[in-house]
Each structure stands twice: as C-alpha cells, then as structure tokens.
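Participant: I would like the atomic coordinates for the input below:
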Amino acid sequence: MLLRHAKAEAHGRGDDFERVLTERGETDAAALGRYMADVGILPALALVSAAARTKATFDRFETAANAKIPAHVEES
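Facilitator: Numbers count the residues shown, from 1 in each chain. So this is what the prediction gives:
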C-alpha cells in the first residue's frame, strides 16, 4: 500500500518540511484509517517521512484505525 500525506496547508514562506495538515486533511486521514480497518486492510509496517504533514497523516490514520502499526520514521 502506498499512502500519500493528506491535504496540507499551502506552501508559504516557511519550511516545506514543517507544513501541517489542514482540517480537511485531518478528517480525511482519520476517515481512511477507519475505512481501511473496517475492510481489514492495514499495513504490517509503515515507512513514514519525518515531515510534519506525513507524521500527522500516519498518526490520524493509526488512531482512527484503532491499531498499533509498527512505523519507521525516515529522518532524511
């Protein structure tokens, strides 16, 4: 499964790595986590970028799925 980060704030003057999810992104990430849990498709391992929006997407997904998914956060 390949999952891209949810809707994030627009590019601004700040660091792209620090962009956060929008309210819609938070809602969508949680909805996807619930759906994937309901249909029984959850990853055995997550490879997660250290970007704020990516970590937040994974956190919302995992919480809504009510699952503990092993994750490796890539700090590059």
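Participant: could you pick out the longest helix of the chain?
Facilitator: Taking DSSP state H as the criterion, the chain has its longest helix at helix 23-38.
Participant: how about the residue nearest the centre of the chain, what does it touch?
Facilitator: In the chain, the residue lying closest to the centroid (CA atoms, centre = their mean) is Thr57, at 1.8 Å. Counting by CB atoms under 8 Å, 6 or more residues apart in numbering, Thr57 makes contact with Leu3, His5, Ala6, Leu21, Gly25, Ala29. Glycine gets a C-beta too; all of them are placed from N, C-alpha and C.
Participant: and the longest helix of the chain, what does it pack onto?
Facilitator: In terms of contacts (3 or more CB pairs under 8 Å, 6 or more residues apart in numbering; DSSP states H and E), helix 23-38 is packed against helix 52-65.
Participant: give the buried residues for the helix it packs on.
Facilitator: 52-62, 64-65 (16 or more other CB atoms under 10 Å).
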